[in-house]
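> no sequence for this one, just the structure:
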């Protein structure tokens, strides 16, 4: 299928075309042609990020959030970033459970993307997948990631509003959470709030909140028991409240500019290193410089200067 | 002081010059000239990385390791990456405590570097600081980082051998540790091993070890009580054993090539984006493209193509 005809099918909302387009996006296969048609047709979707440590119950919560938006008549696309590491296989299981709950609903589209193997970077692939879903007419798009690592932080920052989900009893280990993930929260969710330690975790988050002001928005802390659906309505309301705040404060545009900037930088960086590695006049240029640097025949700054001048000279 | 005369003082081992050179490195101030002299005079130091979550007792352990190398007559330089976040201020306290223990010894040089504010990236600054210490004749250079975040992982990967320090009782939360940090360990240290949970933590690490083979090297698990010095001798022996393995297997050169590659890529990337942002013919080029992308007047791939062609054309 040509990029143009696939794009046309995506725009008409055909779910099989949406799945096929995201597969191409993931493989980095003919993406430029596809996005050239789809990207200009995006911007209507509310993009939500849900992140947090393994075991916080993100998948169940996202399932409930999707169901709540469905009751408002909105179509929901979910991009779940699936950690490829053997140390964190939780998301895969959660994904299967939730597939059973939502899979029969044509107004919900769920797609897992592996953190490894996405050509040209996870962030590039996720942003493109969000564009596909947005262009296909999903009113709400949820990006779900495990909140560890700079890659995941970058990915979730593509969202308009970010919820950080934590389990109770995280109190002592709150430091161990990447500081960055706490700072990007527009909304905290203490899930499994029927368990011991929920009060203390909420109090710890409240304390740490003093450090992170979001341009007049004070991130609320919502307690949920996602397995029973408790508190999920409030999460959806707070996402809505944050959306209104973004629109009223002008921060909505700031965030979209930031997302565009990050996308452009990632694409430019990939292009630049492809150029370095495929320099026809000097195909071994980078590796030669690496070897000379390792052998102390050149210092790093002179080596970088030399390589860069070659590329900039075309 | 000119870069050349400062470099000469560093090469003679003058500790005040070493301090001044690292300050320049941190500020990104006249670094190219300094490193042009110093980098070719490096390569003799054994570069060790020590990383792990906050509360693992890294600072105390590094202090003890330094003391053990001192007893072998070796000079030790320490670069402690000091997380700038309000959520993880632990390193600063540990640093003060240890300064008192080691500061009177002229054979030890300790320097904290902030994760924020290092011009051109933390990894660039850390690698340059290691070169300064190496060129100044420190036989052992230790890089100490909090093991959360891709930046910290990149930094510690600059080391020849990496120890990951974990506190007891991490068992359940081992998933919450960035998988990456477990994978880069050449040596695990269960510190505070006199506390409950040390056995279980060691067993969990042992289990997870099956996933990470290091070219024939099976990362040992050493228990320490750093505050009392227990087990520190074994840590130093295992660093030595790993160094011998690296030399015998040829992996030493692989690692140094990898470090050179990462340094070059970081410098090239910084140069490239400086060129994008300072394009004389199109000074608002990047921000204009960001705005047009945000307004859906262009798709991300076409925008990146256009910007890139300008830069590559000089």
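The structure has been received and is ready for your questions. What you see is a predicted model, and the numbers here were worked out from it, not measured in a lab. Numbers count the residues shown, from 1 in each chain, chains lettered A, B, ... in the order given.

> name the single longest helix found in chain A.
Determined from DSSP state H, the single longest helix within chain A is helix A:251-277.

> do that one and chain B meet at all?
Yes. Applying CB under 8 Å from any CB of the partner chain, one finds helix A:251-277 touching chain B at A:253, A:256-257, A:259-261, A:263-265, A:267-269, A:271-273, A:275-276. All C-beta spots, glycine's among them, are computed from the backbone N, C-alpha and C.

> can you give me the buried ones in that helix?
By 16 or more other CB atoms under 10 Å in any protein chain shown, the buried positions in helix A:251-277 come out as A:251-252, A:255-257, A:259-273, A:275-276.

> pLDDT averaged over that helix - what is it?
Averaged over helix A:251-277, pLDDT sits at 89.

> now the angle from that helix to helix B:251-277?
In terms of direction (axes from the mean of the first three to the mean of the last three CA atoms, to 10 degrees), helix A:251-277 departs from helix B:251-277 by 120 degrees.

> what's the neighbour count on residue A:112?
For residue A:112, the neighbour count with other CB atoms under 10 Å in any protein chain shown is 16.

> helix/strand/coil for it?
Following DSSP: H, G, I helix; E, B strand; the rest coil, the label given to residue A:112 is strand.

> swap in residue A:141?
Going by three-state DSSP: residue A:141 is strand.

> touching, it and residue A:131? I think so.
No. Residue A:141 is not in contact with residue A:131 according to CB atoms under 8 Å; the separation is 9.3 Å.

> can you give me the strands for chain A?
For chain A, the strands defined by DSSP state E cover A:46-52, A:76-82, A:108-114, A:140-146, A:161-166, A:187-190, A:221-223.

> so which elements touch the first one?
In this case it means strand A:46-52. helix A:58-71, strand A:140-146, helix A:150-156, strand A:161-166, helix A:232-249 (3 or more CB pairs under 8 Å, 6 or more residues apart in numbering or on different chains; DSSP states H and E).

> with the shortest one instead?
When contacts are defined as 3+ CB pairs under 8 Å, 6+ apart, strand A:221-223 packs onto strand A:187-190, helix A:198-209, helix A:232-249.

> over to the third one?
Using 3+ CB pairs under 8 Å, 6+ apart as the contact test, the elements touching strand A:108-114 are helix A:15-27, strand A:76-82, helix A:90-102, helix A:122-135.

> and that strand, what's buried?
Result for strand A:108-114 [16+ other CB under 10 Å]: buried residues A:108-113.

> now render those residues as a markdown table, adding pLDDT.
As requested, these are exported to a markdown table (pLDDT from 0 to 100):
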| residue | pLDDT |
| --- | --- |
| A:108 | 92 |
| A:109 | 93 |
| A:110 | 90 |
| A:111 | 87 |
| A:112 | 83 |
| A:113 | 80 |
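
> ok, residue A:313 - how many residues close by?
Considering only other CB under 10 Å, residue A:313 is surrounded by 10 other residues.

> the closest residue to residue A:261 other than its chain neighbours: what's it in contact with?
The spatial neighbour of residue A:261 that comes closest, neighbours along the chain excluded (CB to CB, 6 or more residues apart in numbering or on different chains), is residue B:290 at 4.7 Å. For residue B:290, the contact set (CB atoms under 8 Å, 6 or more residues apart in numbering or on different chains) comprises A:257, A:260-261, A:264.

> and the pLDDT for residue B:290?
For residue B:290, the pLDDT comes out at 94.

> which residues of chain A score low on pLDDT?
Applying pLDDT under 70 to chain A flags the ranges A:82-103, A:115-120, A:147-152, A:170-181, A:210-215, A:280, A:283, A:314.

> care to break it down by domain?
By the assignment in automatic domain parsing, chain A contains the domains A:3-251, A:264-312.

> out of these, flag the one nearest residue B:104.
domain A:3-251 (31.3 Å; CB to CB).

> off-centre distance for the closest one?
The chain centre lies 6 Å from the centre of domain A:3-251; the measure is CA atoms, centre = their mean, to the nearest Å.

> kindly check the end-to-end length of it for me.
Its start and end residues considered, domain A:3-251 measures 34 Å (CA to CA, to the nearest Å).

> list the contacts for residue A:272?
Shown in contact with residue A:272 (CB under 8 Å, 6+ apart): A:311, B:268-269, B:272, B:308.

> rerun that using 7 Å as the cut-off
By CB atoms under 7 Å, 6 or more residues apart in numbering or on different chains, the contact set of residue A:272 is residue B:272.

> just residue A:6 next, same as before
Counting by CB under 7 Å, 6+ apart, residue A:6 makes contact with A:17, A:20-21, A:34.

> by neighbours, which of these wins?
Neighbour max across the contacts of residue A:6 (other CB under 10 Å) = residue A:21, 29 neighbours.

> circling back to that earlier point, would you format the buried residues of strand A:108-114 as a markdown table with distance to residue A:13 included?
As requested, the buried residues of strand A:108-114 are exported to a markdown table (distance: CB to CB, whole Å):
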| residue | distance to residue A:13 |
| --- | --- |
| A:108 | 13 |
| A:109 | 10 |
| A:110 | 16 |
| A:111 | 15 |
| A:112 | 21 |
| A:113 | 21 |
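
> could you find the closest non-adjacent residue to residue A:109?
Of all residues not flanking residue A:109 in the chain, residue A:77 sits nearest, at 4.7 Å (CB to CB, 6+ apart).

> cool, and residue A:296?
Using CB to CB, 6+ apart, the nearest residue to residue A:296 is residue B:40, at 4.7 Å.

> I'd guessed the one you found sits against residue A:299; true?
Yes. Between residue B:40 and residue A:299 there is a contact under CB atoms under 7 Å: 6.3 Å.

> looking at these two, which one has more neighbours?
When neighbours are counted by other CB under 10 Å, residue B:40 and residue A:299 differ, and residue A:299 comes out ahead with 23 against 16.

> how about the contacts made by that one?
By CB under 7 Å, 6+ apart, residue A:299 lies in contact with B:35-36, B:39-40.

> change it to 8 Å
Residues near residue A:299 by CB under 8 Å, 6+ apart: A:293, B:32, B:35-40.

> separation between residue A:238 and residue A:223?
Using CB to CB, to the nearest Å, residue A:238 is found at 12 Å from residue A:223.

> ditto for residue A:261
Taking CB to CB, one finds residue A:261 at 35 Å from residue A:223.

> list the residues that contact the residue nearest to residue A:303 when sequence neighbours are not counted.
Distance criterion CB to CB, 6+ apart; nearest residue to residue A:303, sequence neighbours excluded, is residue A:289 at 4.5 Å. Neighbouring residues of residue A:289 by CB under 8 Å, 6+ apart: A:298, A:303-304, A:306-307, B:264.
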